[in-house]
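K.L.:
Here is my input, please return the structure:
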Amino acid sequence: MIPVAGDGAEKGGTMSAETAPTTGEPAPRHRAAPAAPGGTAVPVGSTPAGNGSPAGDGRAGDAPEPPPADAVPARTPVPAAQWISWVALAMMTTSSVASLRAAPTMAIYGLAAVFLYVVPAVVFLLPTSLVSAELASGWKGGVYNWVSEGISKPAGFLAVWCQFAMTIFYYPTLLGFVASTLAYVINPDLATSGVWTAAVIVVVYWSGVWVSSRGTKAIAGLASGGLIIGTLIPGVLLVTLGVVFLGQGNPSAAPMDAEHLLPAWAGLSSLVLIVNNFLSYSGMEMNAVHVSSLRNPAREFPRSMFLAMGMVLLIFILPALAISWFVPAEELSLTAGIMQAFDAVFAQFGWQWLTPVIGIMLVTASVAGMLTWLAGPSKGLLLISRQEGYLPPFLQRLNKNGVQQNILVTQGAITTLIALGYALIPSVSSAYWVFSVITTQVYLIMYLLMFVAAVRLRRLHADHPRGYKAPIIRTLCGVGFVASAAALLVGFVPPSQLGTGSPWVYVLVVGGGALGLGLLVPFLFYRLRKPSWRLAEAQQPEVSAS
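P.N.:
Next up is the predicted model:
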């Protein structure tokens, strides 16, 4: 999820008006004028055709005559600016965030899921989107450079480490969903088997590592159809059949009246599952690098983000509601809830033969998405570490295909141990939740650092060129920081909807996973680093925002 990318602020090789020098001297050769109506940047700079020195055998007579003083120098062509529309950016953002995987978690709340989706969107999704857009349009190198410039290099390493470390627990949650979905293709009873879930995680993950280590480009476009195959088609089908189901006079499993618009309050533990929405909304900064590809970022980027928010909310909320119409909350599985709903609705219409088809679609899209960015986070960490010497040489080695195989294998070994938790924890849903909340907490550490860095960069480097300036950035960062910190702390409270066992054991497991992996491990790497770990001092790492 951390694809290696170039500087988003200089998309297409041109320089925006805000980043162009203002020294009063003639424009440099690669400066571009505003775009022509057709959308192509017109180069206005120039460069001499020659340097005036002899090109022949050195005789003075062979030298070309100098051009007249009023001659127009030949123009050096520059690449055309590649503009994208704000609608296209909204679609890109939606496809990178929206998923059906989180729907069962919120379906437990019934109609109150609307409230629980909207609140994190306002206090987390919106600040994250606008703040990361300003950072991406002013500083290349992604979150590492943002935090390094705004706070310090050690903090920058912590931020990029958290982007990587969250995937260690994220893969078991993603593949736990795959295992439960696949069970409905083979035998639905397997969906509640921890041994089955652990086995699928291990097999699929290591198969993905093997494919990624080959350096193949064949999987590069697999995720392009994931939004359609694994999200839009199943989601639209589920909601449509759900509306027909209710329209036929069938009762909803969850109350759909105004009295249930807000979640029932039974202490903080009754709302803990809202933390999952912060993970659902994470990654918005990934597309922030495209802000400079808009013609008018100040006006178009907010439009794009509000449109994306609307589409993301619809994709999240409607399927969650549809699941609550068919499956009672006490029977919902956090990993197999989607398939439970499809199984129930297809039974109503006599289409049960479609259940395995939908299962295959969801599994294919999820596995394809995993393969396309399996090596991404570790690639970003590798580039930073080779530059600054944060990881030992063993973890920096590349195989013959140029892939960081040692990092992938080490990550896989830890993921395998975590996967065994599904076999050891009595409930698959409880194991899924524990790994989800650890993933979220580790990722939220990165967001806390990003919000602090954004405020400091605006204060310390107010005149630094930015393609986009977020409005009321201190307020946005303040709201985002408080919401992220609150979600991180709430994650330590066992949810009342799941049987997680002893509260103290729950806190110990979650705290050990989140704080140990998110803070202790990078601290040890930083303290134990040696000058010999720095392998590529001359190369500036360029890692996208996500």
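K.L.:
doesn't Phe525 make contact with Gly389?
P.N.:
No. The pair Gly389 and Phe525 fails to qualify as a contact (Cβ atoms under 8 Å) at a distance of 9.9 Å. (Glycine included, C-beta is placed from N, CA and C.)
K.L.:
Neighbour count: these two, which is higher?
P.N.:
Between Gly389 and Phe525, counting by other Cβ atoms under 10 Å, Gly389 is the more crowded of the two (21 against 18).
K.L.:
Contact partners for that one?
P.N.:
529-535 (Cβ atoms under 8 Å, 6 or more residues apart in numbering).
K.L.:
Return the members of the residues you listed classed as buried.
P.N.:
With burial judged by 16 or more other Cβ atoms under 10 Å, the buried subset of the contacts of Gly389 is 529, 533-534.
K.L.:
picking that back up, Ser293: which of the contacts of Gly389 is nearest?
P.N.:
The closest of these to Ser293 turns out to be Leu535 (Cβ to Cβ; 32.8 Å).
K.L.:
quick revisit: keep only those of the contacts of Gly389 that are in strands.
P.N.:
Judged by DSSP state E, the contacts of Gly389 include no members of strands.
K.L.:
what helix or strand is Ala483 on?
P.N.:
Using DSSP states H and E, Ala483 sits within helix 473-490.
K.L.:
Tell me which residues of that helix come out buried.
P.N.:
Buried residues in helix 473-490, defined by neighbour count with 16+ other Cβ under 10 Å: 473, 476-477, 479-481, 483-484, 486-488, 490.
K.L.:
can you check stretch 401-418 too?
P.N.:
For stretch 401-418, a neighbour-count test (16+ other Cβ under 10 Å) marks 403-408, 411-412, 415, 418 as buried.
K.L.:
Reformat the residues you listed as TSV; add secondary structure.
P.N.:
Below are those laid out as TSV (DSSP: H, G, I helix; E, B strand; the rest coil):
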residue	secondary structure
Val403	coil
Gln404	coil
Gln405	helix
Asn406	helix
Ile407	helix
Leu408	helix
Gln411	helix
Gly412	helix
Thr415	helix
Ile418	helix
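K.L.:
just the residues you listed: which has the poorest pLDDT?
P.N.:
Taking the buried residues of stretch 401-418 together, the minimum pLDDT is found at Val403 (77).
K.L.:
From Trp83, how far out is that one?
P.N.:
34 Å (Cβ to Cβ, to the nearest Å).
K.L.:
if we can go back for a sec, closest to Gly208 out of the buried ones among the contacts of Gly389?
P.N.:
The closest of these, once distances to Gly208 are taken by Cβ to Cβ, is Trp533, at 27.8 Å.
K.L.:
How about the closest one, nearest residue that isn't a chain neighbour?
P.N.:
Residue nearest to Trp533 in three dimensions, not counting chain neighbours: Gly389, with 3.6 Å by Cβ to Cβ, 6 or more residues apart in numbering.
K.L.:
for Val119, same thing?
P.N.:
Nearest to Val119 is Ile274, by Cβ to Cβ, 6+ apart, at 7.5 Å.
K.L.:
so that neighbour touches Phe115, yeah?
P.N.:
No. Counting by Cβ under 8 Å, Ile274 stays clear of Phe115, with 9.4 Å between them.
K.L.:
Can you pull the phi/psi pair for the residue nearest the centre of the chain?
P.N.:
Centroid check for the chain by Cα atoms, centre = their mean gives Gly283 as the closest residue, at 2.5 Å. Main-chain dihedrals, Gly283, degrees, to the nearest 10: phi 100, psi 0.
K.L.:
That one reaches Val97, doesn't it?
P.N.:
Yes. The criterion here is Cβ under 8 Å, and Gly283 meets it with Val97 at 6.0 Å.
K.L.:
Would you tell me what the next helix or strand after the lowest-mean-pLDDT helix or strand in the chain is?
P.N.:
Least confident helix or strand of the chain, by mean pLDDT, DSSP states H and E, is strand 42-43 with a mean of 38. Using DSSP H and E, the helix or strand that follows strand 42-43 in sequence is helix 86-97.
K.L.:
buried stuff in that following helix?
P.N.:
86, 89-97.
K.L.:
Distance check, Leu294 against Arg303.
P.N.:
With distances taken as Cβ to Cβ, Leu294 is found 9 Å from Arg303.
K.L.:
Please list all residues in contact with the residue nearest to Ser99 when sequence neighbours are not counted.
P.N.:
The shortest distance from Ser99 to any non-neighbouring residue, by Cβ to Cβ, 6+ apart, is to Thr231 (6.0 Å). Thr231 makes contact with 98-100, 315, 365 under the criterion Cβ under 8 Å, 6+ apart.
K.L.:
what's the closest of these to Leu182?
P.N.:
Of the contacts of Thr231, the one sitting nearest to Leu182 (Cβ to Cβ) turns out to be Ala365, at 12.5 Å.
K.L.:
Now for that closest one, how many residues are close by?
P.N.:
Ala365 has 24 neighbours, counted by other Cβ under 10 Å.
K.L.:
Just the element for it, please.
P.N.:
Going by DSSP H and E, Ala365 is part of helix 354-373.
K.L.:
Between helix 86-97 and that helix, find me the angle.
P.N.:
100 degrees (axes from the mean of the first three to the mean of the last three Cα atoms, to 10 degrees).
K.L.:
just how off-centre is helix 354-373 within its chain?
P.N.:
19 Å (Cα atoms, centre = their mean, to the nearest Å).
K.L.:
Name the next helix or strand downstream of that helix, please.
P.N.:
On the C-terminal side of helix 354-373, the nearest following helix or strand under DSSP H and E is helix 376-388.
K.L.:
Helix or strand for Leu391, just tell me which one.
P.N.:
Here Leu391 is assigned to no helix or strand, by DSSP H and E.
K.L.:
wouldn't it be in contact with Phe525 here?
P.N.:
Yes. At 6.3 Å, Leu391 counts as touching Phe525 under the criterion of Cβ under 8 Å.
K.L.:
returning to that earlier point: would a markdown table of the contacts of Thr231 with distance to Gly337 and pLDDT be doable?
P.N.:
Formatted as a markdown table, those follow (distance: Cβ to Cβ, whole Å; pLDDT from 0 to 100):
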| residue | distance to Gly337 | pLDDT |
| --- | --- | --- |
| Ala98 | 17 | 77 |
| Ser99 | 13 | 81 |
| Leu100 | 9 | 86 |
| Ile315 | 16 | 89 |
| Ala365 | 17 | 80 |
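K.L.:
Which single one of these is nearest to Leu381?
P.N.:
Out of those, the member with the shortest distance to Leu381 (by Cβ to Cβ) is Ser99, at 24.1 Å.
K.L.:
okay, now that closest one: neighbour count?
P.N.:
Using other Cβ under 10 Å, Ser99 is surrounded by 24 other residues.
K.L.:
oh, and call the first residue 35 from now on, that's how I've got it
P.N.:
Noted, 35 is the first residue going forward, which turns the last one into Ser133.
K.L.:
Need the contact partners of stretch 180-196.
P.N.:
With Cβ under 8 Å, 6+ apart, stretch 180-196 has contacts from 36, 169, 173, 176-179, 414-415, 418, 422, 424, 476-477, 479-480, 483-484, 486-491, 494-495, 552-553, 555-556, 559-560, 577, 579.
K.L.:
And the helices in the stretch 185-334 of the chain?
P.N.:
Ranges of helices within the stretch 185-334 of the chain are 187-220, 228-247, 260-261, 267-281, 309-315, 331-360, based on DSSP state H, counting those that start in this stretch.
K.L.:
Mind exporting the C-alpha coordinates of stretch 201-210 to CSV?
P.N.:
Included here for stretch 201-210 are C-alpha records, laid out as CSV according to Å, rounded to 0.1, in the frame of the first residue of the first chain:
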residue,chain,number,x,y,z
THR,A,201,0.1,-4.8,7.4
ILE,A,202,1.5,-7.5,9.7
PHE,A,203,-1.9,-7.7,11.4
TYR,A,204,-3.9,-6.5,8.5
TYR,A,205,-3.2,-9.5,6.3
PRO,A,206,-4.6,-11.9,8.9
THR,A,207,-7.8,-9.9,9.0
LEU,A,208,-8.1,-9.6,5.3
LEU,A,209,-7.4,-13.3,4.8
GLY,A,210,-9.6,-14.2,7.6
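K.L.:
Thanks a lot, see you next time.
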